[in-house]
Structure formats: C-alpha cells, structure tokens
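K.L.:
predicted model and sequence follow; I will ask about them next.
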Amino acid sequence: MTGILILEQSLNGLQFGLMLFLLAAGLTLVFGIMDMINLAHGSIYMVGAYLIASITTASGSFWVGLGAGVLATAALGVLLELSVLRRLYQRDHLSQVLGTFAILLMSNEVVRMVWGSQPISLNPPPTLAGPVELLPGFTYPAYRLFIIGLGLAVALLLYLLVTRTRVGMQVRAGASNREMAQAMGVDVQRLFTAVFAFGAALCAVAGGLLGPLLAVQVGMGESILILAFVVIVIGGIGSIRGALLGAMLVGVVDTAGRALIPMLFNHLVGAEAAASAGPAVASILIYVLMAAVLFFKPQGLFPAHG
C-alpha cells in the first residue's frame, strides 16, 4: 500500500512539475534576456485558463478550446508586451515590479467583470475521463497521464528549439550577454516579443491543462506565480534546463510532502498535532529546498546557458 502511494504521489509530482515548467520556461527567458521581473506572468496564466474554458464551453470541444485559447493568449501576450511592458525594459527592478503588479491587479478585476467572481468549470475530454491500469492493482487517471506525456513532449520540443535552431542560439546569446548579442546584429526587441508570445502560449497550455484539476477562478495566477519564481531561482535565471530540473524538484517535493509529511507526523506526534503541524511543515518544504540550493549554488543549478 505504501509503495502504491509513493508511486502515485511521484506521478502527481511529475505532472505538477511539468506544468510548473511550462510557466517557468517563458518567465526565466524573459528574466534572463531582458533582465525584467514580470509579475504579470501569473495573470496571463489566469486569462489563458479562462479563455480556454470559455471557448471549450462555446464549442463543446476541449481540443478546440485548448488550441484557440492558446493562440488568443499568445496574441494577448504580444499586445501586452508591445503596449506596456516594452516601456519598462530600461527601468529599474522596483519600477518593473510595481508596473507588472499593477497589471496583475487590474487583470483580476477585468476577469471578475467579464466572467464574474465564481469559479467556472473546465472538464477534461471524455476520452481521457477514466483511469488507466499501469500495474496490477494500480490505476491512474488517464488525463493526468496525458498531461505528463504532453509536458514531456513540450519540454523536448523546447530543448531542441533552444539548442538546435538559429532562433534558439539567439535566445541563448541574449540570455548570456544581451549587449554583445545586439552588437552581433540580433534584433533583441523582436526576439523578446517572440519569446514573450511563446511564454504566454506556454502559460495558456498550463492553465488549460490544470483547469480541470484546479479551479479556474480569479486570482489563480498569484500562488502559482510564486512557485514559478521558486523554480527559476533554483534552476538558474535564463536556463531552460535549470527550469526543467527546478520544476521537477519543486513538483515532486511539494506533492510528496503534502501527502507524506502529515502521515509521518501522525506516527510521530499523534493525529491531533499532525492535523495542524503536518500541512504547515509540508507547505514550507519547497522554500527550504530553495534555501538549501542557494546556500550551495547561489546562481542556481544551471545558470544562464539554457
């Protein structure tokens, strides 16, 4: 029984980690290339989830909703970058934090005006609604397996894009030394718009895939944005490989900790103390992990080289 629980929580952690990677990948490239702290990233994730849920409801197809919602969110990301964020590039980090935090707050209110304050539902496709037997006596939701497979495919595609293409070479050059990349003829402004659009699309994919598992509601971007920043700090700013490893670590530690720490406390201190102390300790595990990584590697595990 314990072995099955560990396997199940490991798969849950892998699934959650891959979704965090989709969020962190765009965020770490934006941070690495343009040295910009973008708190509006969580708003894009939220708006993407709402767009996908609305289009899915209108069309009756999860796949149509996912595809159209991702494209619409990418276009929204381009519009946001061209109209507002580009003006913040040359400002200091405090101005960037205040500006993008304002966008986050305004986005919450706009979503509340358009969709209302109540969470809206997003159901997985009927073909993925049931469980799959992975081992004798062990079943796992087909939808979660789909998320894991798609997340791994996107991670591989992103790795090949960054390491094997000319655009990827320019992205890595911009992340390592923006001024030198500009001197060598790279149009960093256009490159950053493209990266921002791609990051917005990845946000929407994460929002759409997590929508059936988590509530699609106002403010859903804030908590997951904090986790995305933890991921890029652990992995190293500007690094896709670091974002993937950091997301896997955070996903597994967070998911397994929330399931196993209360059980451990229950054995050690009893059910009553475990009910209050267990979840509290589990919730800080990822921050303990971040502190440990920064103590030994202040630049993160794989800094600034994708």
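P.N.:
Good, I have the coordinates.
K.L.:
could you pull out the strands in the stretch 1-150 of the chain for me?
P.N.:
131-135, 138-141 (DSSP state E, counting those that start in this stretch).
K.L.:
what pairs with the last one, parallel or antiparallel?
P.N.:
Taking DSSP bridges as the criterion, strand 138-141 pairs within the sheet with strand 131-135 (antiparallel).
K.L.:
in PDB, list the C-alpha atoms belonging to the partner strand.
P.N.:
The C-alpha coordinates for strand 131-135 follow below in PDB (Å, rounded to 0.1, in the frame of the first residue of the first chain):
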ATOM      1  CA  PRO A 131      -8.500   5.600 -15.200                       C
ATOM      2  CA  VAL A 132      -5.700   3.500 -16.800                       C
ATOM      3  CA  GLU A 133      -4.200   0.400 -15.200                       C
ATOM      4  CA  LEU A 134      -0.500   0.900 -15.100                       C
ATOM      5  CA  LEU A 135       0.400  -2.000 -12.800                       C
END
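K.L.:
give me the contact list for that strand.
P.N.:
For strand 131-135, the external contacting residues (Cβ atoms under 8 Å, 6 or more residues apart in numbering) are 7, 139, 140, 141, 142, 145. (Each C-beta comes from the backbone N, C-alpha and C, glycine too.)
K.L.:
in those, which residue is surrounded by the most others?
P.N.:
Among the contacts of strand 131-135, the one with the most neighbours (other Cβ atoms under 10 Å) is residue 141, at 20 neighbours.
K.L.:
quick check: bridge partners of it?
P.N.:
Residues in beta-bridge contact with residue 141 (DSSP bridges): residue 131.
K.L.:
mind listing what it touches?
P.N.:
Neighbours of residue 141 in contact, by Cβ under 8 Å, 6+ apart: 130, 131, 132.
K.L.:
can you rerun that using 10 Å?
P.N.:
By Cβ atoms under 10 Å, 6 or more residues apart in numbering, residue 141 lies in contact with 8, 11-12, 15, 124, 128-132, 147, 212-213.
K.L.:
of those residues, grab the buried ones for ChimeraX.
P.N.:
Selecting the buried subset of the contacts of residue 141 in ChimeraX, with 16 or more other Cβ atoms under 10 Å as the burial test, is done by:
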select :8,11,12,15,124,128,147,212,213
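K.L.:
could you dump the contacts of residue 141 into a markdown table and include distance to residue 40 and pLDDT?
P.N.:
Shown next, in a markdown table, are these (distance: Cβ to Cβ, whole Å; pLDDT from 0 to 100):
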| residue | distance to residue 40 | pLDDT |
| --- | --- | --- |
| 8 | 35 | 82 |
| 11 | 32 | 87 |
| 12 | 28 | 86 |
| 15 | 26 | 89 |
| 124 | 28 | 86 |
| 128 | 31 | 84 |
| 129 | 34 | 80 |
| 130 | 37 | 81 |
| 131 | 37 | 83 |
| 132 | 37 | 82 |
| 147 | 25 | 90 |
| 212 | 25 | 87 |
| 213 | 24 | 85 |
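K.L.:
got the CA positions of stretch 106-114 in CSV?
P.N.:
Extracted in CSV, the C-alpha atoms of stretch 106-114 (Å, rounded to 0.1, in the frame of the first residue of the first chain):
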residue,chain,number,x,y,z
MET,A,106,-6.1,45.1,-13.0
SER,A,107,-6.3,41.7,-14.7
ASN,A,108,-8.0,40.2,-11.7
GLU,A,109,-10.7,43.0,-11.8
VAL,A,110,-11.1,42.7,-15.6
VAL,A,111,-11.6,38.9,-15.3
ARG,A,112,-14.1,39.5,-12.4
MET,A,113,-16.1,41.9,-14.6
VAL,A,114,-16.1,39.7,-17.6
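K.L.:
so how far is that stretch off the chain centroid?
P.N.:
On the basis of Cα atoms, centre = their mean, to the nearest Å, stretch 106-114 sits 21 Å off its chain's mean C-alpha point.
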